[in-house]
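[1] Next one to model:
(2 chains)
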Amino acid sequence: MSITVYLVDDHRLFLSGVKAELAEEFRIVGSAFDVDTAIVEIRGLNPDVVLVDVHMPDGGGIAVVEGVTESNPDVKFLALSVSDQAEDVIAMIRAGARGYVTKTIEPPDLADAVRRISTGDAVFSPRLAGFVLDAFAGAIPPEEDPELDQLTLREKDVLRLIARGFAYKQVARKLEISIKTVETHVSSVLRKLQLSNRHELARWASKRHIV
Amino acid sequence: MAAVRSLEFSRRKTNRVMGGVAGGLADTLGIPDAYVRAAFLTLLMVWGLGGVLYLGFWLMAYDKVEDRDVVAVDNGRGLGLGLAFLGLLLLLEAVGWWPNPALVLTAGALAFGTAALTDSSKPGPLAALMDPNVDRPSRLRLILGVALLFGGLSVFITSIGPVFELGVVFLAIVLTGLGIVVGFGPWVRRLIVDLGTERNERIRQEERAEMATHLHDSVLQTLALIQRTDDPARMAILARHQETELRDWLFGAAPLDGVDLVSTALKNAAARVEKDHQVPIDVVTVGDHLLDKESAPLIGAASEAMVNAAKHSGADRLSLYLEAEDERLTVYVTDQGKGFDLDKVAPDRKGIAQSIKSRVEKAGGTVEINSEPGDGTEVVLRMPLESK
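    Residues are numbered from 1 along each chain as shown, chains lettered A, B, ... in the order given. Predicted structure coming up:
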């Protein structure tokens, strides 16, 4: 029973490349070049993992995530993008994606990310880790929820190492903790990212109309 | 940071007479060393207090091996310290610790007079006499120095033996003075000329080192790349790129591409290394800082670390991570390549590590290189920030 994967990207060349890379290990159940087709097909196919491009006409990756989450809550999204923009990345995560990787990712790493996402883990690229550290830096406003609006020191340590380009396995070894613990920390950061009321995050979110 | 720096002091390792204590104090206080030495000599006449103080400062000194930054000589501060020293002498007299006024005054006047004449941070006395363009403070200093010397000698002469007749004393002073000038003049002059030559030599060496660093980063790297390229088109691109860069540097176009944020400068530097060495570099920045005198050395050092990793690590991609906090900047250059044994580095690569280190350390930062064979390399550059 291999993991089923669906791909959404308006760059056909890139789409076929990723398809070829992942086809060995996963069952590619379908793909789409535009948002509307993607929403309809994903609802029908209910794949384990959807790889979705952030920048597309008609609402982009966020529209896909929002269009599917309610009817198919078990589908997990991995955002895949060339974008450097913090707004796009954070907005995707707040919309419900469980991970974000850049398109320069090596094929084995991409396969690893898909596997991880399918089991419910979070996948952070170095860049996403950097954005999160940035967004959660500084003092927190008093009226907000301190538990959600702050990262623990350990979570920050983990994010810093990811930002420096280390894989989860290396992060675990450097901090002398298990890979499972690294995953727990990252999932906890993801939850904070999605639920926190920090005003920076709210501003990013409101800019993309997804509050 | 300036406040902290003025509290600690270390003994000089170069340009010292005895233990380097007076020189170290002078560097810390920002006054010429000659006056500090004069102060110690004068206090030596007060029951050997100068010697005790010297030993005390010696014990307190940090024994750092490297030469410390020399604080710029400050006339106002020197004057203040001079007055404080006079106050100390008066206090010693009031308390009755003054063993022999003539002895202390003589020693003090002679020591400070000589200091004023040989003060190595200013043009020498003979140069001042011969050069009509010398500034007024130097002239005043010169006159004061001569006056102190003569005054000290006269006190000395009057205090020994029976009181001479005024005319005889005057004659004696004039003769002694002339004797000193004639006898020691050429020697003092040569000493000063030597000091000047040494200083010029040092400045020239610093300029040479800076130029070598720049050429190493730019022209030498490009030449190495060109030798390894078979593609004529790529060769032309590299040469053209280098030409523009060298022109900008030689003829004073804006340094560092006119960018003004550390993150932008690092991204540009990474883009350049990517282009030249065709290794993708993931740049992640957290926080930011203005590109200023403190942070600029990090850019060059990070570039060098990236080039080094691109050439030697064998890794197919590199990571550059900047974390800017209020009190420090930290840059990590990480590769997952083959790594190396830090103790068994080939001499040419040791040179690169040294060059990265010296850049950052000159600006007050630290460099840490972590590597093990088979486990990649990480270069960590840290720079403390004074502002905020």
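
[2] from here on, contacts and neighbour counts on C-alpha atoms
    Will do.

[3] Can you tell me which residues in the stretch 201-350 of chain B are near chain A?
    Residues of the stretch 201-350 of chain B lying close to chain A (C-alpha under 8 Å from any C-alpha of the partner chain) are B:282-287, B:318-321, B:332-334.

[4] Looking at these, which are in strands?
    Members of those lying in strands (criterion: DSSP state E): B:Asp282, B:Val283, B:Val284, B:Thr285, B:Val286, B:Leu318, B:Ser319, B:Leu320, B:Tyr321, B:Tyr332, B:Val333, B:Thr334.

[5] Which entry within the residues of the stretch 201-350 of chain B next to chain A corresponds to the minimum pLDDT?
    Minimum pLDDT for these is recorded at B:Gly287 (82).

[6] give me the number of residues near the residue nearest to that one when sequence neighbours are not counted?
    Leaving aside its chain neighbours, B:Gly287 sits nearest to B:Ala324 (4.8 Å; criterion: C-alpha to C-alpha, 6 or more residues apart in numbering or on different chains). Using other C-alpha atoms under 10 Å in any protein chain shown, B:Ala324 has 20 neighbouring residues.

[7] In TSV, list the ones in strands among the residues of the stretch 201-350 of chain B next to chain A along with neighbour count.
    Output for these, formatted as TSV (neighbours: other C-alpha atoms under 10 Å in any protein chain shown):
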residue	neighbour count
B:Asp282	25
B:Val283	22
B:Val284	26
B:Thr285	26
B:Val286	22
B:Leu318	24
B:Ser319	22
B:Leu320	27
B:Tyr321	27
B:Tyr332	25
B:Val333	26
B:Thr334	28
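
[8] Residues contacting stretch B:325-338, please?
    Contact with stretch B:325-338 is made by A:164-165, B:287-288, B:295, B:298, B:302, B:305-306, B:309, B:313-324, B:373-388, as judged by C-alpha atoms under 8 Å, 6 or more residues apart in numbering or on different chains.

[9] Can you list the low-confidence ranges for chain A?
    A:1, A:83-85, A:138-147, A:197-211 (pLDDT under 70).

[10] cool, the stretch 151-300 of chain B as well?
    In the stretch 151-300 of chain B, residues with pLDDT under 70: B:152-176, B:179-187, B:233, B:240, B:244, B:247-248, B:250-259.

[11] Tell me where the chain has helices.
    No chain specified, so I'll use chain A. Assigned by DSSP state H, chain A shows helices spanning A:12-23, A:35-45, A:60-69, A:86-95, A:107-118, A:126-135, A:146-149, A:153-163, A:168-175, A:179-195, A:199-207.

[12] I was after chain B.
    Using DSSP H, helices in chain B cover B:2-7, B:21-29, B:33-44, B:49-60, B:75-95, B:101-118, B:125-130, B:136-159, B:166-215, B:221-227, B:232-250, B:262-277, B:296-312, B:347-362.

[13] So B:Ala324 sits against B:Val286, correct?
    Yes: here B:Ala324 lies in contact with B:Val286, judged by C-alpha atoms under 8 Å, at a distance of 6.1 Å.

[14] Now do stretch A:113-127: distance to the chain's middle.
    With C-alpha atoms, centre = their mean, to the nearest Å as the basis, stretch A:113-127 stands 7 Å off its chain's centre.

[15] Once you drop chain neighbours, what's closest to A:Met92?
    Distance criterion C-alpha to C-alpha, 6+ apart; nearest residue to A:Met92, sequence neighbours excluded, is A:Ile62 at 5.7 Å.

[16] neighbours of that neighbour, just the number please.
    Look at A:Ile62: counted by other C-alpha under 10 Å, it has 27 neighbours.

[17] Let me have the ones in strands among the residues of the stretch 201-350 of chain B next to chain A in a markdown table, adding distance to B:Val104 as columns.
    Output for these, formatted as a markdown table (distance: C-alpha to C-alpha, whole Å):
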| residue | distance to B:Val104 |
| --- | --- |
| B:Asp282 | 70 |
| B:Val283 | 67 |
| B:Val284 | 66 |
| B:Thr285 | 63 |
| B:Val286 | 62 |
| B:Leu318 | 68 |
| B:Ser319 | 67 |
| B:Leu320 | 64 |
| B:Tyr321 | 62 |
| B:Tyr332 | 59 |
| B:Val333 | 61 |
| B:Thr334 | 64 |
